[in-house]
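Undergrad: here's my sequence, what's the structure:
(chains A, B and C)
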Amino acid sequence: MIDVLSAIGDVLTSEAAYLNALTFAVFLAFGATGEWVAERSGTLSISVEAMLLGGAFAAALGTARFGSVAAGLACAIAAGVVVASVQANMSHRLAANQFVVGLTLNILVLGVASFLASELKPSIRKAGTQRIPLLADIPLVGQALFDRTWLFYLIYPLVPACWWLVFRTRWGLELRAAGENPQSADVSGIDVNKRRRQGIYVAGATCGMGGAYLVLGAVGQFEDSIVGGRGFIALIAVIFGGWTLRGTLFGCLLFGSVLSFRLSLPALGYQLNGDLLASLPFVVTILAMSLFASRVRPPVALAQPFIRGLK
Amino acid sequence: MSGTVRLEGVSKHYGRVRACDAVDLTLEPGRIHGVLGENGAGKSTLMKILIGLVVPDAGTISIGGERVALRDPLDAARHGIGMVHQHFSLVEPLRVWENVALGEAGALRPAAVRARIAELSERYGLDVDPDAVVGDLPVGMRQRVEIIKCLRRDPSILIFDEPTSVLTPAESSLLFDTLRHVVVSEGRAVALVSHKLDEILQATDEVTIMRQGRVVDHVTTADVDAATLAASMVGRAVSLRGDRIAGAVPEAAATDVETAAEVLRLDDVTVRSRDGRILLDELSLSVRAGEIVGVAGVEGNGQRPLADVLSSLLPLSEGRVFVGGEQVATGKAGAMARAGVGVIPEDRHDSGVVLEMTIAENLWLVNPSAIARAGVLDEGRMRAGAERLIDEFEISCAGPDAPMYSLSGGNQQRVVLARELSNEPQVLIAAQPTRGLDVGAIEYMSDRLRKAAADGVGVLLISSELEEILDLADRILVISDGRIIGEMDRHEADLGRIGLLMGGQAA
Amino acid sequence: MSAESITTGTAGAPTAARPPRVRRPEYGQLAGVVGLYVACIGAALALSALLVEVTGGSSVDVFSALLNGSIRGDGRIGATLGVAVPLLLVALGTILSNRAGLVNIGQEGQLYIGAACAAYAGTKLGMHGPHVVVLVLLAGIVGGALWAGIAGLLKYRRNVPEVLSTLLLVTIASQLVGYGLKNQWLLLAPAEGRSNRQQVSRQLSADTRLPRVTWFGNQFPISVFLAIALALLVGAVMVRTVWGMRLRMLGHNRRTAQRAGVAASRYGGAALLVSGGFAGLAGGAMLAGGDFGNYTLVPGFASQIGWTGLLVALVSRQRAALAIAMAFVFACLRTGSSFVASTGVERRITDVVQGLLVLALLVPPALLFLRQRRRAQNAAGDRT
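TA: Numbering: from 1, shown residues only, chains lettered A, B, ... in the order given. As a prediction, the model looks like this:
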């Protein structure tokens, strides 16, 4: 028992632990924030994984080609939106099943990315950090939050921007109406499927940013497995957070921390079972969904395709 | 405000069905004009035409003397026509102000929207909290939000579609006061669509009565009473038939119904929906073997939940159901069917057939074990049985292996009938069985129901077509607001009384 | 009227909304439909070829290598058949659950757990003899079924959408088996049989393996016959048994099914169990068949077979007989890819071909559905 307490104590007082945790958490947050926007309109994009991977690869390619991190970011966002547009148009214009399209995109983008990566072999360097004075001196978390690459800092304006977009603009209002009651929204003159597609584009853009951060800011090089299923975790963070932005971010922090334990704990001298630990976020999510089914409330029309005239 | 709205010769048909037939209607500013009729009378279609959701096949619409074409809701809105919907167009998880702002264009300005809501609340006495979540509001409040949403666009013509169907009497009174205020002081025109007599009497200045797509009468409200309205609503043509029935001897010799066994009984059945609304309210009825019991009433008064309970699709909150003297569990898949309850549902696509399966499969849907051995379907017996039924019930099709969706509506209905009767039920529930059918098909269905009764099946006929009930039923019940509020034998059938009951007035 | 319907989406939403129906148009337009498919598949192949050319490879060489690796080379058909087996099995299970209106996307995990259970039965129970291979396969079935059963329980008891629970269970399965492979009391082979760093199970002993046959110079395990037989069985069950009919009812129209006595939880739950069982059987067959991992359970054993099998089902439009052919096609892509490397092109190109092919096959039904709706709306003439 004392061991567990001292272990927790070690983790909570280790700067490296916070650093790692926030790396993963922010990466997840890029994806989850955009997916949160999309899910509020009633879509469920399993292709978040593909959008993140596409973004990561494009970032690597763009930076290698044009020499700047900013160019990489731009390419990443473009790639994310391209993947998103396949998902959006096939599911919400052509009425193809969104799960099928999402799954296929995951496999397809993985194939394209790894294929091109081994052919083109983009070589990049990890981006440098920009330290924010004063704030970075906060004990424990200062470094983790304010001594990072500028790509990391993008999350700070992104989250409130998305919040503002969904809750303070007409676009966001229509988006939410499309997700809660598409029939009523339609009667009120809103183009439900258009809003849904646009929500998915937003997800594609933020996932692009997330991919760029991952490859340029966190890892430093592109590998096939760079996303490795963590896109699903971003998706799950939205569900875990009960479709609220606050909950989603909390989920990202939680899952990000757990993901980081595989790095942090051995460094601190603890040998904990990595596998069981890695499955923890998923087990927790399933438990949360089962136990709090009544409180966790998805947008009413989530994952139900809207075709006028068809109930 | 603006001019008179005049509809002239407006017609709309769907296939063979004439939803509206050369309708004339004039809505004048400063007056509340009631549109009265049963379901299928055409009033909903007429309103949809006014609001731009349906384009008429013939006729003209003019506003203030000018001809207009209403191609979509935006057109209608531009001409100042607004509708307060029956089944609300609100998004429940959103707040009141958000719902009111929905559908407008331009930047979202919460403060401006809230101010407008406050202003409208004040002016019309429609007090509502702009920041409340619509889902938390009681139904009466929600309707206020709908009205405010409609008024916000400053319409010159307001259409209310069955507004009090979900309100308490007190809330209804409040609504009518509001309407008065809106209309008189601001010179707007209001159309009030309803099947409820007291509502029409209380709130309107003049009434247009529709039946089967046609306008049958147009009166000043002050000049009429409930009985006259009722008679107009259900129609003189029916009373002719009623005369024929009253004196006639029934064709098939009925079993001695008085002493026949009771095959179906509902005792104080109450059903509550998931959001707490009461769908059936301590409803009790009983059907004996060999008799046809008709349940008359305007749609939306509990007929659907009643049929659903008897189809094992809806569990009871309270009360009990007995079939052949034995209690049957409700809501449990297939329990009713096993107990011997056959159902011809109101919407066969919803719970009667599986369109994607073959005719043969649909004929054996409820009891496939009858043509199976050790769980394997005997295709030969299946096909033979299907062909027998196809012959017997004169189902026009390409064969037992044709898909169900290739059949016309009337033939699909025959498949349902064939299946249910072939299972030799004790009770047969027929819900709106002849809806959408042509004259020949209606005759056939009626004959079949009579024959079933003659064979000892207890038939519960749920229909909003009074003609049908009067034609077939031995005993007539009237359902309103989820309960049976009146009962009479066929020879006592008094159209005036039935009309009143259907209009919600217990007599 | 039309003879058959084409369903657009296969599995519906988590709340099991009915997928839109499409009527296959008359003969005159049948040519148009076929043309549409040909065009889409052609586009997919053309895009893949373009990708190859753009990166400096030769698309002709690549396609040739694909053919060599999958069919033309010596004994390659046998290898392809061996890969097709688990793909077909997973697809069959998926078809069953899809027909019941469920969205099971956890086959990769169910397969993995099945393989793990099979490995346990085959290496840790200390039994020998030809009957053990049957036990191995049974263990696979049970493992996969139970794993899918968790999702079924969550759906029918706690209303958790199965699309999410099966997805989450995939990763949990991977972690669980990984854990098992690190512990000797579970799956890890004793130290003597492996090098220190390897986390693998003991290899199945010679008598616990599936027998292999050789036809026309191609060697493959007899599970091929089992899989084909099961495909025919599934096809027959769906159409000719009461259970199959009830399952289809549930998938087409939940309310009508309820009226007719089909309790969604019983039939849907059963469908999930069976679906998981098939995936688990696939895992067991992969292990005992020898074409994967050389009769040894290794980390990452599932190697995307679950996901690919799911795609096979979706592309087969819920028909078991068609799944046999599609499983073979997708298996060709996999076995062919091992020859692609020799052309200097990265073998991952086959994943691209696979993905593009599936997307291409999704487009025609979607377009047809839209065209039908537009025609219907124009006829009605109004916005309702």
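
Undergrad: buried ones in the one helix or strand residue C:362 maps to, by neighbour count?
TA: For residue C:362, the element it lies in under DSSP states H and E is helix C:349-380. Using 16 or more other C-beta atoms under 10 Å in any protein chain shown as the test for burial, helix C:349-380 gives C:349-370, C:373. C-beta here means a position set from N, CA and C on the backbone, and glycine is covered the same way.

Undergrad: how about stretch B:30-45?
TA: For stretch B:30-45, by 16+ other C-beta under 10 Å, it's B:31-45.

Undergrad: out of those residues, who's near chain A?
TA: On the criterion C-beta under 8 Å from any C-beta of the partner chain, none of the entries of the buried residues of stretch B:30-45 sits beside chain A.

Undergrad: picking that back up, tell me the gap between the helix holding residue C:362 and the middle of its chain.
TA: Distance of helix C:349-380 from its chain centroid, counting by C-alpha atoms, centre = their mean, to the nearest Å, is 21 Å.

Undergrad: that one near chain A at all?
TA: Yes: if you take C-beta under 8 Å from any C-beta as the test, helix C:349-380 does meet chain A, through C:349-356, C:358-359, C:362-363, C:365-367, C:369-370, C:373, C:377.

Undergrad: and residue C:122, how far is that from chain B?
TA: 33 Å (C-beta to the nearest C-beta, to the nearest Å).

Undergrad: you'd agree that residue is up against residue C:208?
TA: Yes: in this structure, residue C:122 is within contact of residue C:208 by C-beta atoms under 8 Å, at 4.8 Å.

Undergrad: need the residues touching each of these two.
TA: C:132, C:133, C:136, C:288 (C-beta atoms under 8 Å, 6 or more residues apart in numbering or on different chains).

Undergrad: from these, pick the one nearest residue B:473.
TA: Nearest to residue B:473 out of the shared contacts of residue C:122 and residue C:208 is residue C:136 (C-beta to C-beta; 67.0 Å).

Undergrad: are the helix or strand containing the closest one and chain A in contact anywhere?
TA: Using DSSP H and E, residue C:136 sits in helix C:131-158. Yes: counting by C-beta under 8 Å from any C-beta, contacts between helix C:131-158 and chain A involve C:154, C:158.

Undergrad: the helices in the chain, which residues?
TA: Using chain A here. For chain A, the helices defined by DSSP state H occupy A:2-12, A:15-40, A:48-66, A:69-92, A:98-120, A:142-146, A:150-153, A:155-168, A:170-180, A:182-187, A:192-212, A:230-240, A:245-268, A:274-291.

Undergrad: sorry, I should have been clearer: chain C.
TA: Using DSSP H, helices in chain C cover C:27-54, C:59-67, C:76-99, C:107-123, C:131-158, C:162-180, C:223-240, C:242-252, C:254-259, C:264-289, C:305-315, C:320-340, C:349-380.

Undergrad: deepest in the core, which of the ones you listed is it.
TA: helix C:107-123 (a mean of 31; mean count of other C-beta atoms under 10 Å in any protein chain shown).

Undergrad: near chain C at all, stretch A:93-104?
TA: Yes: shown here: stretch A:93-104 in contact with chain C (C-beta under 8 Å from any C-beta) through A:94, A:95, A:96, A:97, A:99, A:100, A:101, A:103, A:104.

Undergrad: where does pLDDT dip in chain C?
TA: C:1-28, C:191-197, C:375-384 (pLDDT under 70).

Undergrad: what does the stretch 1-150 of chain B give?
TA: Applying pLDDT under 70 to the stretch 1-150 of chain B picks out residues B:1-2, B:15-16, B:39-40, B:86-88.

Undergrad: chain A contacts on the stretch 251-384 of chain C?
TA: Within the stretch 251-384 of chain C, the positions adjacent to chain A are C:304, C:307-308, C:310-311, C:314, C:345-346, C:348-356, C:358-359, C:362-363, C:365-367, C:369-370, C:373, C:377, C:383-384 by C-beta under 8 Å from any C-beta.

Undergrad: show me what the helix or strand that contains residue B:35 is packed up against.
TA: Here residue B:35 sits within strand B:32-36, counting by DSSP H and E. Using 3 or more C-beta pairs under 8 Å, 6 or more residues apart in numbering or on different chains; DSSP states H and E, the elements in contact with strand B:32-36 are strand B:17-27, helix B:43-51, helix B:169-186, strand B:189-194, helix B:197-203, strand B:206-211, helix B:226-234.

Undergrad: that strand: partners in the sheet, and parallel or antiparallel?
TA: strand B:189-194 (parallel), strand B:206-211 (parallel) (DSSP bridges).

Undergrad: any low-confidence regions in the stretch 201-311 of chain A?
TA: A:270-274, A:292-296, A:307-311.

Undergrad: you'd agree residue B:462 is in a helix?
TA: No: looking at residue B:462 with DSSP: H, G, I helix; E, B strand; the rest coil, it is strand, so not inside a helix.

Undergrad: that one: what's it in contact with?
TA: So residue B:462 contacts B:294, B:295, B:303, B:306, B:307, B:346, B:429, B:430, B:431, B:432 (C-beta under 8 Å, 6+ apart).

Undergrad: chain neighbours aside, what residue packs nearest to residue B:11?
TA: Nearest residue to residue B:11, sequence neighbours excluded (C-beta to C-beta, 6 or more residues apart in numbering or on different chains): residue B:58, at 4.2 Å.

Undergrad: ignore what I typed, I meant residue C:174.
TA: residue C:112 (6.3 Å).

Undergrad: which residues does the one you found contact?
TA: Residues near residue C:112 by C-beta under 8 Å, 6+ apart: C:170, C:173, C:174, C:177, C:283, C:301, C:302, C:306.

Undergrad: if you set the cut-off to 6 Å instead, what comes out?
TA: C:173, C:177, C:302 (C-beta atoms under 6 Å, 6 or more residues apart in numbering or on different chains).

Undergrad: now swap in residue C:53 and tell me
TA: Counted by C-beta under 6 Å, 6+ apart, residue C:53 has contacts residue C:59.

Undergrad: can you redo the shared contacts of residue C:122 and residue C:208 as TSV with distance to residue A:176?
TA: Compiled in TSV, the shared contacts of residue C:122 and residue C:208 are given as follows (distance: C-beta to C-beta, whole Å):
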residue	distance to residue A:176
C:132	58
C:133	56
C:136	52
C:288	52
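
Undergrad: tell me which of those is nearest to chain A?
TA: Relative to chain A, the closest of these is residue C:136; by C-beta to the nearest C-beta it sits at 23.7 Å.

Undergrad: wait, doesn't the closest one sit right on residue C:121?
TA: Yes: between residue C:136 and residue C:121 there is a contact under C-beta atoms under 6 Å: 5.1 Å.
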